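Engineer: fold the stuff below for me.
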Amino acid sequence: MTARPTTAPVIGLCLMALVLEGYDLLMYGTVVPSLLSYAPWQLDATDVGMLGSLTGVGMLIGALVAAGVADRWGRRRTLVAAVLVFSAAMGVCALAPTPAVFGVGRMAVGIGAGVLMPTAAATLIEFSHSRTRARSVAMGFVGTSIGGILAGVPSLWLVPTFGFRAMFVAGLVPALLFLPLMLRYLPESPAYLTSRGRTTEATAIAARYGLEAEPTTATAPHPERGLRALFGSGRTTATVLFWGMTLVCLLVLFGVATWLPALMKSAGYPLGAALSFLLTLNVGGAVGALGGGALADRYGIKPVTALGFLCAAVSLILIATGPPTAVVYLLVLLAGVGTTGTQILLNTFIGGHYPAACRTTGIGMALGVGRIGAIIGPTYGGFFVTIGAGSTWQLLAFAAPAVVGAVLTALVPRRKAVAVRHSTSATAVGAVSRPGVSSVPAESETDGKGDMSTVC
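Structural biologist: Coordinates of the predicted model:
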């Protein structure tokens, strides 16, 4: 009996890559006390904070690099290169003889992670069926949250016993074992191959994984690529809105993650509860990604993304009213749903809007611009602390940009999809599509419910 084609292996490989990335990004907080007490380097809190911020700068650079190269190199090579970069950087941090070398390593971790995120999103979109696209991307990106949670487990033993270097070694070893698996089992995206004219290879891979065809057209034999493609064919408005949505989402996400424990403590909640709210926020992000993905596949990505922004805004407003602790936990969970969960939905929304030839460019540029919000977020919260605003006003200050995100989402124009009659090779790619997948009308619009890819 022939096994049914499935994309699960590809989703699993992307999940594992994002778990490693999540560990490498979020483990830094576990080594801060060890860095501060490491006598040879004599670091103070300002030094450690600056070293930590280099990762965010690296992620900004990495997202822009992905936008420039992934649609030219292909998904497979770019993913492997990203994992190799942030894994090697973990080794640099483990062996760093000076803080300067350590800082270079942390920036390189950010660069690798910045390249991985948009490329993984494009891969997950292209190795998923239209009816389960948002869920597939969410399943992969939950890996980032899992990696962050896993970082806290070995730190309880490794850091007190062996110091900060052991945590970096612990992140490097699994990567060395995982890279050969990626090289052996990760295929190139058939959507990317089709966009480059390599239809024979695309047909074989699509048949192996049971994928639907990416539409092609004889009127655009040389599709637009790169930054220019994001502003061509009537995409300018959507591109600018996607950049704004990502910026405000990451501003709220990183701002709340940075200041939530301090805000809750100043509001009168016990320190232990204030710290545990941060864990609840991360759990909410995973719940939001999976739950939001399921809703988006059923009702459309655009309304569910707008609802996610509103979920963040409403939960923060209600937290500001000072409810009982049990209610706050629920509201913080919903805040996680509306921040991290919404950002994962945004990756799907943006990637699904662009065709294969410029998909990673679109996601990478949005994440690159969005990183400005990630950098501003903690400073934005700090401004309200500095001027003496109470916790209520600080929480409302983070709710406001979430409302802006919902408005920007509502303004995203519907995407026109032009149907074409497939050539023999394209038909072969689509021959393995599931029953019930119909062709797109000659000139129609979509708001993200289903998959109607356009041509660059």
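
Engineer: with adjacent residues omitted, what lies nearest to Ala151?
Structural biologist: Using Cβ to Cβ, 6 or more residues apart in numbering and skipping the chain neighbours, the partner closest in space to Ala151 is Met27 (3.8 Å). For the C-beta atoms, the positions are set from N, CA and C on the backbone; glycine is no exception.

Engineer: for the one you found, what are phi and psi?
Structural biologist: Backbone geometry at Met27, expressed as degrees, to the nearest 10, gives phi -80, psi -10.

Engineer: contacts only, for it.
Structural biologist: 148, 151, 155, 167-168, 171 (Cβ atoms under 8 Å, 6 or more residues apart in numbering).

Engineer: buried subset of these, written for PyMOL?
Structural biologist: Selection of the buried residues among the contacts of Met27 in PyMOL, burial being defined by 16 or more other Cβ atoms under 10 Å:
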select buried, resi 148+151+155+167+168+171
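
Engineer: which two of the contacts of Met27 have the greatest separation?
Structural biologist: The span of the contacts of Met27, defined through Cβ to Cβ, is set by Gly148 and Phe168 at 15.5 Å.

Engineer: okay, the residue nearest to Ala151: pLDDT?
Structural biologist: Reported pLDDT at Met27 in the predicted model: 79.

Engineer: same check, this time on the one 5 residues further on
Structural biologist: The score at Val32 is 76. That number is its pLDDT.

Engineer: so Val65 touches Gly112, yeah?
Structural biologist: No - Val65 is not in contact with Gly112 according to Cβ atoms under 8 Å; the separation is 9.7 Å.

Engineer: so the two - more neighbours on which side?
Structural biologist: More crowded of Val65 and Gly112, by other Cβ atoms under 10 Å: Gly112, with 27 against 21.

Engineer: and for the more buried one, nearest residue in space, chain neighbours not counted?
Structural biologist: Nearest to Gly112 is Phe86, by Cβ to Cβ, 6+ apart, at 2.9 Å.

Engineer: cool, Gly362 as well?
Structural biologist: Among residues not flanking Gly362 along the chain, Tyr354 sits closest, at 3.9 Å (Cβ to Cβ, 6+ apart).

Engineer: now Gln343: how far from Leu79?
Structural biologist: 20 Å (Cβ to Cβ, to the nearest Å).

Engineer: what's the answer for Leu241, then?
Structural biologist: To Leu79, Leu241 is 28 Å away according to Cβ to Cβ.

Engineer: now Ala356
Structural biologist: Look at Ala356 and Leu79: by Cβ to Cβ, they are 15 Å apart.

Engineer: cool, Ala67 as well?
Structural biologist: Ala67 sits 15 Å away from Leu79, going by Cβ to Cβ.

Engineer: what does Val142 give?
Structural biologist: Remark: distance between Val142 and Leu79 (Cβ to Cβ) = 17 Å.

Engineer: related to what we said a few turns ago, next, the contact list for the residue nearest to Gly112, please.
Structural biologist: Neighbouring residues of Phe86 by Cβ under 8 Å, 6+ apart: 20-21, 24, 108-113, 116, 175.

Engineer: from those residues, which is closest to Thr361?
Structural biologist: Taking Cβ to Cβ as the measure, Leu116 is the one of those closest to Thr361, at 15.3 Å.

Engineer: can you confirm Ala39 is in a strand?
Structural biologist: No - applying DSSP: H, G, I helix; E, B strand; the rest coil, one finds Ala39 to be coil, outside a strand.

Engineer: what sits against it?
Structural biologist: Residues in contact with Ala39 (Cβ under 8 Å, 6+ apart): none are found.

Engineer: what residues sit buried inside whichever helix or strand Ala81 is part of?
Structural biologist: Using DSSP states H and E, Ala81 maps to helix 75-95. Neighbour-count burial for helix 75-95, counted by 16+ other Cβ under 10 Å, picks out 75-76, 78-83, 85-94.

Engineer: and the helix or strand that contains Leu60 with helix 75-95, angle?
Structural biologist: Assignment of secondary structure by DSSP H and E places Leu60 within helix 45-73. With axes from the mean of the first three to the mean of the last three Cα atoms, to 10 degrees defining the directions, helix 45-73 sits at 160 degrees from helix 75-95.

Engineer: and helix 45-73, how far out from the chain middle?
Structural biologist: Distance of helix 45-73 from the chain centroid (Cα atoms, centre = their mean, to the nearest Å) equals 14 Å.

Engineer: just give me the neighbour total for the closest residue in space to Met50 that isn't next to it in sequence.
Structural biologist: Counting by Cβ to Cβ, 6+ apart, Met50 lies nearest to Gly103, which is 7.7 Å off, once chain neighbours are set aside. Neighbours of Gly103 under the rule other Cβ under 10 Å: 19.

Engineer: what about Gly103, distance to Thr199?
Structural biologist: Taking Cβ to Cβ as the measure, Gly103 falls 46 Å from Thr199.

Engineer: cool, and Ala357?
Structural biologist: Ala357 sits 14 Å away from Thr199, going by Cβ to Cβ.

Engineer: looking at these two, which is more packed in?
Structural biologist: Comparing Ala357 with Thr199 by other Cβ under 10 Å, the one with more neighbours is Ala357, at 24 against 21.

Engineer: contacts for stretch 177-194?
Structural biologist: Contact with stretch 177-194 is made by 9-10, 13, 16-17, 20, 71, 74-76, 79-80, 83-84, 87, 122-123, 126-127, 199, 201-203, 205-206, 208-209, 211, 213-214, 216, 356, 359, 426, 429, 453, as judged by Cβ under 8 Å, 6+ apart.
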